[in-house]
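Asks: Next come a sequence and a model predicted from it.
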Amino acid sequence: MTTAALHEGRLVQNIIYFCRALRRAGVPVGTAQVKDAIRAVQAVGFTERADFFVTLQACLITRGDHMQVFLQVFNMFWRDPEFLENMMQMILPMMQVEEVPKKPKDAQTRAAEAMMDDTKTPQPEDVKEELTLEAEFTTSKAERFGTMDFEQMTVAELRDAQAAIAQMRLAIPKLASRRMALASWGRKINARATFRAASRTGGEILHLSKMAPREKVPNLVVLTDISGSMSTYSRMMLHFIHSVMRSSGRDWAKVHAFTFGTRLSNITRLLDHKDPDAALKIIGTQVQDWDGGTQIGASLKEFNYNWSRRVLGGDATVLLITDGLERDDRHLLHREMRRLNLSCRHLIWLNPLLRFDDFAPLAGGIRAMLPHVDSFAACHNLASLCELAEVLSGANGAAMKRQMLAAI
């Protein structure tokens, strides 16, 4: 299969339909995976059906328990000409051909229902009943959207998620400073103010002036992994960082943002643009290691040696957004994570791999990083971002870290 044949024929559309069928059958296939599958077929090509099967499997299947469904859908979609013809007749409205009913085999029922789901003709209903159903399922639809994985969202759903992220705020309780200020309450007496007031009443002390610690807003530093395994999540998290930066000065004193893949890049000034899409477009042109490899240890070393003293302080909070899949020197990663933890007040690790129910810290990079973080949380959907404020308090994130450490 050549590149010209890929573009001239209907193979691209068929791959998209095939991915939609997998999604309806329960296999989590996201927009990024669909793009990767099309690019892989374009780059590799195939002369035999087995090559095409292996290419799609490598791009679309991430868990072993989804392999059986993938096999059934693939067999029905690509190997059964009659079934493919009937399906295409219903997908393309302009082809008015009488449909011949065909009873699927028992082993193919789930895959067939998945591919036919969107092609069923809706039954006419009264306006009153339609309005009732709309009102009844509004809440459940919103809940489902909030818990949907970013990787499984369509382009339209990602747009809606980005609009929701733009309205989010990440507030944190103010910290007590060592500097004191006049207050109506406090444990410490302000002797100077008390005697100054007594001098105006002939030396008689009528009121004891009090002092209390001043409140200060901490700094926020965000380190985002933009390697290939974090592609969709890193873009959504950059939208989230942009929203947080818009509230700089209210919720946070200063917000500093960095990206890393094979190198470290400071994108703080690039996120100053009011439009998040324009800001991400500028970042895409200036950051050269998008969708590449991962060198977490080397990137953290560069941050610790070149940027730590500039942007961190004893009161700073650090958000480290990465899946922790490091293949380089684990001792370097262990050492730099320890140094980063000692340089800030609160180190929070956001890992999208927590979207899997059976996730366990088995990778060497994750095992090296986990002991040096204060909190451990997910960042794969809107609900996890809404819960991040609770993680900042150290409650939920600390419990998750203890659970992960117990699994090591």
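Replies: That came through, no problem.
Asks: Spit out the contact partners of the residue lying closest to residue 230 once chain neighbours are set aside.
Replies: The shortest distance from residue 230 to any non-neighbouring residue, by C-beta to C-beta, 6 or more residues apart in numbering, is to residue 323 (6.0 Å). Any C-beta I mention is one placed from the backbone N, CA and C, and that applies to glycine too. Residues counted as contacts of residue 323 (C-beta atoms under 8 Å, 6 or more residues apart in numbering) are 225, 229-230, 351-353.
Asks: can you check residue 252 too?
Replies: 170, 172, 217-220, 244.
Asks: Scan those and report the most crowded one.
Replies: residue 220 (25 neighbours; other C-beta atoms under 10 Å).
Asks: want to try TSV for the contacts of residue 252, with secondary structure as columns?
Replies: Output for the contacts of residue 252, formatted as TSV (DSSP: H, G, I helix; E, B strand; the rest coil):
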residue	secondary structure
170	coil
172	coil
217	coil
218	coil
219	coil
220	strand
244	helix
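Asks: and those as CSV, adding pLDDT?
Replies: Output for the contacts of residue 252, formatted as CSV (pLDDT from 0 to 100):
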residue, pLDDT
170, 73
172, 68
217, 77
218, 79
219, 82
220, 87
244, 82
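Asks: wait, which of those residues is closest to residue 44?
Replies: Set against residue 44, the nearest of the contacts of residue 252 by C-beta to C-beta is residue 244 (40.4 Å).
Asks: my read: that closest one touches residue 255, true?
Replies: Yes: using C-beta atoms under 8 Å, residue 244 is in contact with residue 255, at 5.8 Å.
Asks: Low-confidence regions, the stretch 151-300 of the chain specifically.
Replies: 171-177, 247-251 (pLDDT under 70).
Asks: what about the strands in it?
Replies: Assigned strands in the stretch 151-300 of the chain, in chain order: 175-183, 188-189, 210-216, 220-225, 255-260, 264-266 (criterion: DSSP state E, counting those that start in this stretch).
Asks: ok, the third one: who's next to it in the sheet?
Replies: Each strand paired with strand 210-216, and its direction, by DSSP bridges: strand 175-183 (antiparallel), strand 188-189 (antiparallel).
Asks: Could I get the buried residue list for it?
Replies: Using 16 or more other C-beta atoms under 10 Å as the test for burial, strand 210-216 gives 210-213.
Asks: JSON lines please, covering the residues you listed and showing distance to residue 299.
Replies: What follows is the buried residues of strand 210-216, written out as JSON lines (distance: C-beta to C-beta, whole Å):
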{"residue": "210", "distance to residue 299": "48"}
{"residue": "211", "distance to residue 299": "44"}
{"residue": "212", "distance to residue 299": "41"}
{"residue": "213", "distance to residue 299": "36"}
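Asks: how about the strands of the stretch 151-300 of the chain in a markdown table, adding distance to residue 75?
Replies: Shown next, in a markdown table, are the strands of the stretch 151-300 of the chain (distance: least, C-beta to C-beta, whole Å):
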| stretch | distance to residue 75 |
| --- | --- |
| strand 175-183 | 60 |
| strand 188-189 | 78 |
| strand 210-216 | 63 |
| strand 220-225 | 37 |
| strand 255-260 | 42 |
| strand 264-266 | 45 |
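Asks: Nearest approach to residue 363 belongs to which of those strands?
Replies: The nearest among those, by C-beta to C-beta, is strand 220-225 at 13.7 Å.
Asks: Starting from residue 390, give me the distance back to the residue lying farthest from the centre of the chain.
Replies: In the chain, residue 202 marks the outermost C-alpha relative to the chain mean, sitting 66.6 Å out by C-alpha atoms, centre = their mean. Counting by C-beta to C-beta, to the nearest Å, the gap from residue 202 to residue 390 is 55 Å.
Asks: pLDDT below threshold where in the stretch 1-150 of the chain?
Replies: Counting by pLDDT under 70, the stretch 1-150 of the chain has low-confidence residues at 1-9, 46-47, 78-143.
Asks: Now list whatever residues contact both of residue 244 and residue 255.
Replies: 220, 222.
Asks: Relative to residue 261, how far out is the nearest residue in space to residue 294 that is not next to it in sequence?
Replies: In space, and not counting its chain neighbours, residue 294 is closest to residue 227: 4.0 Å by C-beta to C-beta, 6+ apart. Note on residue 227: its distance to residue 261, by C-beta to C-beta, is 5 Å.
Asks: Over to residue 341?
Replies: Counting by C-beta to C-beta - residue 341 and residue 261 are separated by 22 Å.
Asks: between those two, who's got more neighbours?
Replies: residue 261 (25 against 18).
Asks: quick one: the more buried one and residue 292 touch, right?
Replies: Yes: if you go by C-beta under 8 Å, residue 261 and residue 292 touch, sitting 4.8 Å apart.
Asks: which residues are common contacts for these two?
Replies: residue 227.
Asks: for whichever strand or helix holds residue 337, packing partners?
Replies: For residue 337, the host element (DSSP states H and E) is helix 330-343. Counting contacts by 3 or more C-beta pairs under 8 Å, 6 or more residues apart in numbering; DSSP states H and E, helix 330-343 packs against helix 296-306, helix 308-311, helix 364-369.
Asks: and those helices, which is most packed in?
Replies: helix 364-369 (a mean of 22; mean count of other C-beta atoms under 10 Å).
Asks: ok, back up a step: out of the buried residues of strand 210-216, which is nearest to residue 383?
Replies: residue 213 (35.2 Å).
Asks: surely the closest one meets residue 182?
Replies: No: using C-beta under 8 Å, residue 213 makes no contact with residue 182, being 11.8 Å away.
Asks: Show the contacting residues for the closest residue to residue 233 other than its chain neighbours.
Replies: Closest residue to residue 233 apart from its sequence neighbours, by C-beta to C-beta, 6+ apart: residue 352 at 4.6 Å. If you count contacts by C-beta under 8 Å, 6+ apart, residue 352 has them with 150, 230, 233, 323, 378-380.
Asks: I appreciate the help and will end here.
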